[in-house]
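J.: okay, sequence plus prediction incoming.
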Amino acid sequence: MIMDDDRISTEQAIALIVNAAVGVGILSLPRVAVKSAGPDCWIVVLLGGLIALFGALVVGGIIKRLEGRTFVDYISLVFGRPVGLILGVVYGIYFTLIAAVVLRGFAEVMKNFALEETPLEFFVVTLLVLSAYLIRHGLEPMVRLMVVNFPFWFIPSVAMLILSLYNADFSELLPFLRTPPEKLLQGALSSMLSLVGFEVLLTSAQGLKTVKDVNKVMVVSMGIVTAYYTFVVVTVVVSMGIAETSRTIWPTMAVVRRISVPGEILERMDALAVALWVMVVFTTVCAYYFAASITFTNVFRAREFKIFDSILFPWIYLAAMLPENILEVEDWLKFAGNFSILTCFLLPIIILVAGMARDKWGRKG
Amino acid sequence: MKLRKIILAGLLSIAIFAVSGCWDMVDIDRRFFVGNIGIDKAAVDDKLKVEFTMPIVRKISGEGGQGGGGGGSTIASVSTVADSIHAAARQMSHRLSRRLFFEHTRVILIGEEAARDGIEGVVNFLSRNTEINRRGRIMVVKGKAEDALKVKNEYETLHAMYIANIFENWMFCSKFIEITIDDFMKSVYSTKGNVLLSRLTPGKMDVSIGGAAVIKNYKLVGWLDENETLGVNFVLGKVRGGDLTFKQPGEDYPVVMSIIQISTKMELVEAGTYPKFKISPRIVADIVETPVDAKIDGDKLKSLEKDLEEKVNQIILKGVKKLQKEFQVDVLGFGEYLYKYRPDIWEYYREDWENIFPDVEVVVDTKATIRGIGASL
C-alpha cells in the first residue's frame, strides 16, 4: 500500500537524486576520468554532467506526462501492454543490478581499507538488511533520512578533500585540451554510471508533490552532482598526479590517507572516510533498492510494494556476490554503466518521443 | 504475546553475532608496530633479506621497573630471507608471538645492492598495500640497510623516529631529497622509474642523511653528493634554508649566507635540435657570517649578492651536468615541463628524449637579494 501522505517535496526530490547519484563514483571516478582523458579529466566530468542533464530533462519530460499514472502504466499506454511489461522488467532488473554492484563495490572498499578479515558477505548482508528495513516504510521516510544524512557526508567529505590540497600541484592538469574530442566523449560516457541517479525519480514520480517543478529538480540536482564530482576529480588529480591516479583502484581513498595537517593534529583520516563512505553508499543502495521494488510492484500491479522488498532481497545479495574478484566487479560496473546509457538516455528519449507523437496524432489515427 | 517474546529473544541472540565483536580485532598487545623496514640483497639466490625493527613497548614504558633499565635494547629487530617483503612478513609469523603491523612504519631503507638490482618490488608492495603509512620516508642506504638499522643512537628511544626526524632538519640544510613515500609513489609512476631518493650513510653511533641516490628505470645508478643535491634542489625549487659559503677575493675568512626563500622558474629559450632551457632562481638570503673587518654598506651588499648569484649558478650547473653527463636521467622535470607547458614542442622531442636530455643546454640566471645581515654592521 502506498500511503496517501507518502509524497515528497521539490527539495526532497533533489536530495533523493543527489544521494542516489553520489555513490561508488566518489572513489573510482577520478581513475575512470583520468584513464580516458589524462589531464583533461575535469572536462570529461563536466561533459558527462551536461549529457546527464540532458537525460535528466528528458526524464523530467516523461514525468510531466505521467499525470498520476505509474511509469509502467504510461509505457503500456504508449506502446501497448506487452512492451510496457517488458520495459518495466528491464528497468526493474537495471535498478536491482545497480543496487547489487554498488553494494559489492562498497564491500570491497571496506575489506581493503578497514576490516580485512571480515567476510565480504557480512558487509553486503548488513547493509542490505538495513536498506530493506528503511525502504519498507516507503518513499517519504527514506527521502527524509537522505535529507538528514546529506550534510553529514557532504560537508566532511568536501572539508577532507580541501585539506588534501596542501601539496597540490595544479600543473598536473596541464597540458590543457590535448585530448581528442572523441576520447573526451568516450570518457564522458564511461563516467556516466557515477553521474546518473535521476532515473530513480521515474518510478518514484507518483510521490512527487509538485510535478511542474520537475525541471528545476533535475537542473539543481544535476548541478550539485556535477560540481561535486568535478571537485573530487580535480582535488584527487592535483594531489596525486595523473600517473598514480590511473593505477590506483580507489584513488580518492589513497588521497585521504595522505592527509596530514601540520603538527600532526589530523592524520590518517581513512577511518573517517570509511564512515562517510558507508553513509554515501547506504543512501545510493536504498534509492535503487526502492526504485527496483516499486518498479516490480507496478509491473505486477501488486497492491503491496513491501512484498517486493523481501522478494528482491536474495536476488540483490546473489548478484552482489557473483563477481569473483575486484576485476570482475569492475567489469560489472562497466556493464552497469552501459546499461545505464540504455535506461537513462535511449529508452527515455524513445518513450518521450513516442508519448508526444501519441498525444498529437494518436487519438485521431 | 508469548510468541513475540520468543521472536524477540531469538532476534536478540542473533544480534550477538552482529554487534558484539569484530572479525578484525587484534588487541594492541598482540601487535608489533614495525618502525623500520630494511631491504637488502641476500647472499643466496635472488632473494631479499628483509629486516623489521619494532619497539618493545614494555621496555619503553618501563612498566613496574621490571622491564626497563636493566639492559637490552628497547628495539627488537628481526630479519629473514624471502622472495619479497610481504613473504618476509609472513615468514616472521613462524618466529614471532605477535602480528607485524605496518600502520606506524616510519622508514623504509633500501640497501645499495638491492637498489642496484631494482626497486620495482618495493614500489609494487607499497602500491598494493593499504596498511603502510604514506607519510613515511623511503631512502637508499650506502652499504647495507642492515648496518643502518644496527646503529645504536643515544638520542632517541625509537630508531625509526630518529631517522624520520632528521628530515625535519631539511629546513636547515636542503642537502638531501625531502620526499615521503607518497611523493615517491607519485613521481615514480609519472616518470616511469626515474627518481631521486635521499642517501643514508650509516656510521658507528649515528647515521647521516645527505646527498641523493639516482634511480633510473627503477634501478640505482649512482650517487649525488651533498652539494650536487643542493643544486638539484635549487632547480626543483625545493630549497628551504641551507647555507652557502664562499670567499671574497682578498679575504681569508669566508662569507656564510643562509637562504631564506627561493622560487625557481624554468623556461624554454630555444627549441633547436637540442632544446635550451633557462633556469632562474630568485633567492632571498641572510648574512650569517662575514670576515670580522668587513664593512657592510650598499656597495658591499651589491658585491655580496653578485658573488652569491655566481655561487648558486655554479652549484646548479654542477648538479645538472652530473645528471646529464654521468647518469643521463631526467629527474629535474625538463621533460615534464615541456609536456605540460609546451605540448607541441614535446611531441617533437618525446620519442628520443632519453638521448636528447644529456645534450640539453642549460643556462642559469640567479637573482639574489640579501635581506637580513644579523645584529652587527
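T.: On my side now, so go ahead. In this text the structure is predicted, and so the values were computed from the model without any measurement.

J.: and residue B:338, how far from chain A?
T.: Separation of residue B:338 from chain A (CB to the nearest CB, to the nearest Å): 10 Å. All C-beta atoms are positioned from the backbone trio N, CA, C, and that covers glycine.

J.: per-residue pLDDT, that residue?
T.: For residue B:338, the model assigns a pLDDT of 87.

J.: does it belong to a helix, a strand or coil?
T.: helix (DSSP: H, G, I helix; E, B strand; the rest coil).

J.: residues in contact with it?
T.: Counting by CB atoms under 8 Å, 6 or more residues apart in numbering or on different chains, residue B:338 touches B:268, B:275, B:345, B:346, B:349.

J.: among the residues you listed, name the ones in helices.
T.: B:345, B:346, B:349 (DSSP state H).

J.: could you list the low-pLDDT ranges of the chain?
T.: This is for chain A. The model of chain A has pLDDT under 70 over residues A:1-5, A:262-264, A:362-365.

J.: not what I meant, chain B
T.: By pLDDT under 70, the low-scoring segments of chain B are B:17-23, B:61-72, B:170-171, B:377.

J.: that older thread, need the buried ones from the ones in helices among the contacts of residue B:338 selected in ChimeraX.
T.: Buried subset of these, written as a ChimeraX selection, criterion 16 or more other CB atoms under 10 Å in any protein chain shown:
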select /B:346,349
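
J.: which of the ones in helices among the contacts of residue B:338 sits closest to residue A:332?
T.: Distance to residue A:332 across the ones in helices among the contacts of residue B:338 (CB to CB) is lowest for residue B:346, with 38.0 Å.

J.: pretty sure residue A:74 is touching residue A:65, no?
T.: Yes. Counting by CB atoms under 8 Å, residue A:74 touches residue A:65, with 6.9 Å between them.

J.: anything in contact with each of the two?
T.: Common neighbours of residue A:74 and residue A:65 (CB under 8 Å, 6+ apart) are residue A:355.

J.: those two - which one has more neighbours?
T.: The neighbour count for residue A:74 versus residue A:65, taken as other CB atoms under 10 Å in any protein chain shown, is higher for residue A:74 (22 against 17).

J.: contact partners for that one?
T.: Residues near residue A:74 by CB under 8 Å, 6+ apart: A:62, A:65, A:66, A:84, A:351, A:355.

J.: what separates it from chain B, distance-wise?
T.: 41 Å.

J.: check residue A:16 too.
T.: To chain B, residue A:16 is 28 Å away according to CB to the nearest CB.

J.: pairing partners for the top strand by length along chain B, with directions?
T.: Assignment by DSSP state E gives strand B:255-271 as the longest strand of chain B. Its sheet considered, strand B:255-271 pairs with strand B:243-246 (antiparallel), strand B:275-289 (antiparallel) by DSSP bridges.

J.: please list which of the contacts of residue A:74 are also close to chain B.
T.: Among the contacts of residue A:74, no residue is within reach of chain B (CB under 8 Å from any CB of the partner chain).

J.: surely residue B:119 meets residue B:110?
T.: Yes. Applying CB under 8 Å as the test, residue B:119 and residue B:110 come out as touching, 6.1 Å apart.

J.: so which bits of the longest strand of chain B are buried?
T.: Buried-residue list, strand B:255-271, by 16+ other CB under 10 Å: B:255, B:257, B:258, B:259, B:260, B:262, B:264, B:266, B:268.
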